[in-house]
Structures are given as C-alpha cells and as structure tokens.
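1. Got a predicted structure plus its sequence, pasted below:
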Amino acid sequence: MPVPTLPPFPDDVPTHPLLVVDYSLLKVGDKNEIDRLWEAATGLGFWYLKNHGTDEEVNAMFDLGEETMELPLEEKMKYEQGDGGSSFGYKAAGANAVDASGLTDTIEFLNVAKDDALAYPKVARRSYPPNVNAKMPSVITPFVRKSVDVNMTILGIFNEKLGLPEGTLAKLHSLEEHSGSEARVIKNPPGYPAERMAIGAHTDFGSLSFLHNRLGGLQVLPPGVDEWQFVKPLPGHAVCNIGDALAVLSGGVLHSNIHRVMPPPGAQSPLTRWSLVFFTRPGNSVVLQPLADQSGIIKDKLSEHPDPESLNTGVTSLEWFTRRIKNQRMKNRTGPETWLASRGTEQGRA
C-alpha cells in the first residue's frame, strides 16, 4: 500500500526541536555524529534518526497493523494480553489507565514478542491471530531484525561512551535470552477532544525505543519546562528515545524523559493515528541497578545523584516490566495507588 498523503502538521502549536542523527554515519563511526547522538541521549533523551534503512519494513508493518485492527473485536480478544503483567498480544482500547484518576486510554495495539518473531515458526512466548502468523516471516521478523540491528548499534556506541567493558550492554540485551523486547503497532481513532490523552504521561520501561509515526500526537515535557510540547513527525525519520532500564544501568548518565500521546493536532485531527514501535529491553534476568562497578563515568555520575539508592531497583527486568504492565490495567485498579505502582523513573514529575 502506498504511503498516504497527509495534511501538514500545524505551525501554531508548541513543538520541541530534536537533534537529527544520521544512522548511516553512526554505522561508519563518524565522531561528530556519535557526539551528536550522545548529546541527545544525555540531554532530552529523544532524537530523530534518519537513514535508518527500515522504510520498507515499516510500511509493511503499518499495512499489517491496519489489516489486524480490522478484525472483529471478538477475534482480536482471543489474543488479549491479559491482566497478569504480560505485554505480548492484543490490547483493546480502554483496558489501561492514563492517569491516577482512572481515565482510560483510547488506543488499541498489538504487541509481538521479539522472541516469537525470531523463533518462528516455533512459538516462544504466545500465539497471535492467523493473519499475523502468516506475515511473521515476510513482514514482522524482517522489521524486528532491522530494529534490533539499529538499537544494538546504538547500544554499542553508548557502551563505549560510558567506558564499560566491551560488549557489556550487548550481553545484557542478548537475543538468546527471553526479554520484554517487542514490536507494537498502535491505532488511535479520531473523534476525541484535543485534550484527551490517548496514552498517559510516562517514561518507557526498557532501554531504547525506535518509533515510526506519520501524524502528530507525541508530546514531551522537557526538564524544567511546564508546557507539553509536540514532537513534529518528519517523513523518513524515526523518533528514538532512552527508556528507564538504560537510565538506571547508566546511573542517570542517559536520560529517560517523560512523554505522552494526544490526538493529532490541527488539520490532522480527523484522521486515525497509526504508530509503530520496537522496544529493546534487557534480558529477563538482568537486575536493574547502576553499572558503577564497571564504569568510572557511571560511578562519578551516581556520586552526584541526590538519591542514588533510588536507582537500585532491586528487581530484575522481568519483575520491573511485569509490575508496570500489570498496574496499568483497569481490571487490576483499586485506586490511585495502582497507577502509582505502575510508574518508573518519572515518579514525582506527573
């Protein structure tokens, strides 16, 4: 399916400029581009990534997402992710809270585990709708493999900049170990007020997020700023960001910034908003704590932290991820405390 022609993003809404990083230059070790990436990752924690080489795979994933969301709800619910803290599978609109009051989300999505995409035709984690299984080898697995390559290249750069022993971050994100890494196709339908959150304010659970979207809606709240600002979508550019796990492992050197999703602004508001993300998360057994004993840079940063013990989570990646997923679910809600129990490093900010 050809990429649709969309109304322009409005020029009368507050936006936050992101640094543009060229992946093709990162791949060849260009020092200036690596420094630009490092500036973005240690600052806002968000950046645009161009020349990432996944456009064909991204477009195919959008087509598969649209095909899947058109299935009858009763069929999609056969593959629902459930309330036990697992993320893989289908999530219906309204299943999650977006804030402490219990306001529900407006999005539906399908998550496919990295482990299933790479193990196909074997089932590693769970089953998916038949149309998804049919496209696993031709659509999903190629997207996952390219996304993994992009994120592992970036992790390799961070490993060196943090002064960690070679291969440390790669080992913590091993493809051989089961993890929460997943591809997610998201649908947010039109018809909601401009102020209605689609996805509540949060920081991402994992290490790196590789996002593709064609319409506006993503907003960030930069440090020291009180007004939410849109991230303008740029054709052919992914939006990448640091997640909590990497912020913790780096002792706060790398920044996981709070963000949310709203309806598309301006002339884009009557359209369905589709987005696609690949989340890279540490292996399930990885204990989330700063790697200060392996890096002087991390040790020094931790010594400046006002509450360094807050970064010693004392839990594995699986436990961290499960808690946050489980406590977002409306069926698990007992009150505002449930929402607070779903939070990560953004606690106290929203």
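-> Received, thanks.

2. Show the low-confidence segments of the stretch 201-350 of the chain, by residue range.
-> 346-350 (pLDDT under 70).

3. mind listing the strands for it?
-> For the stretch 201-350 of the chain, applying DSSP state E, counting those that start in this stretch gives strands covering 208-213, 218-220, 229-230, 238-242, 259-261, 273-280.

4. Tell me the strands beside the first one, with direction?
-> Next to strand 208-213 in the sheet, as set by DSSP bridges, lie strand 238-242 (antiparallel), strand 273-280 (antiparallel).

5. mind saving the C-alpha coords of it as CSV?
-> The C-alpha atoms that make up strand 208-213 are tabulated as CSV, following Å, rounded to 0.1, in the frame of the first residue of the first chain:
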residue,chain,number,x,y,z
LEU,A,208,15.7,2.0,23.7
SER,A,209,12.5,2.8,21.7
PHE,A,210,12.5,3.0,17.9
LEU,A,211,9.3,4.8,16.9
HIS,A,212,7.7,5.5,13.5
ASN,A,213,4.7,7.7,13.1
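
6. Of the strands of the stretch 201-350 of the chain, which is nearest Gly296?
-> Proximity to Gly296 (Cβ to Cβ) singles out strand 238-242 among these, at 20.7 Å. Yep, even glycine has a C-beta here, placed from its N, CA and C like the rest.

7. where's the closest one relative to the chain centroid, distance-wise?
-> Relative to its chain's centre, strand 238-242 lies at 8 Å (Cα atoms, centre = their mean, to the nearest Å).

8. Including distance to Ala117 and mean neighbour count, could the strands paired with strand 208-213 go into CSV?
-> Putting these into CSV (distance: least, Cβ to Cβ, whole Å; neighbours: other Cβ atoms under 10 Å) gives the following:
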stretch, distance to Ala117, mean neighbour count
strand 238-242, 18, 25
strand 273-280, 10, 24
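
9. Among the ones you listed, which comes closest to Gly65?
-> The nearest among the strands paired with strand 208-213, by Cβ to Cβ, is strand 273-280 at 6.3 Å.

10. what's across from Arg273 in the sheet?
-> Beta bridges link Arg273 to Asn188, judged by DSSP bridges.

11. Wait, it touches Gly217, no?
-> Yes - using Cβ atoms under 8 Å, Arg273 is in contact with Gly217, at 5.3 Å.

12. Reformat the strands paired with strand 208-213 into a markdown table and put distance to Gly266 next to each item.
-> Output for those, formatted as a markdown table (distance: least, Cβ to Cβ, whole Å):
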| stretch | distance to Gly266 |
| --- | --- |
| strand 238-242 | 19 |
| strand 273-280 | 13 |
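
13. picking that back up, pull up the overlap in contacts between Arg273 and Gly217.
-> Common neighbours of Arg273 and Gly217 (criterion: Cβ atoms under 8 Å, 6 or more residues apart in numbering): 188, 198, 261, 263-264.

14. and those residues as CSV, adding distance to Ala92 and neighbour count?
-> Below are those laid out as CSV (distance: Cβ to Cβ, whole Å; neighbours: other Cβ atoms under 10 Å):
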residue, distance to Ala92, neighbour count
Asn188, 13, 25
Ala198, 14, 23
Val261, 17, 24
Pro263, 19, 24
Pro264, 21, 28
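
15. re the thing from before, so which of the strands of the stretch 201-350 of the chain gets nearest Gly163?
-> That would be, of the strands of the stretch 201-350 of the chain and by Cβ to Cβ, strand 238-242, which comes in at 17.6 Å.

16. With just CA atoms, put the closest one into PDB.
-> Below are the C-alpha coordinates for strand 238-242, written out as PDB (Å, rounded to 0.1, in the frame of the first residue of the first chain):
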ATOM      1  CA  ALA A 238      12.300   7.700  13.200                       C
ATOM      2  CA  VAL A 239      12.000   9.100  16.700                       C
ATOM      3  CA  CYS A 240      14.300   7.300  19.200                       C
ATOM      4  CA  ASN A 241      14.400   7.600  23.000                       C
ATOM      5  CA  ILE A 242      16.000   6.300  26.100                       C
END
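
17. who touches it?
-> 18, 21, 41, 45-50, 52, 54, 154, 204, 207-213, 218, 231, 233, 254-257, 259.

18. so Leu6 touches Asn213, yeah?
-> No - Leu6 is beyond contact range of Asn213, at 10.8 Å (criterion: Cβ under 8 Å).
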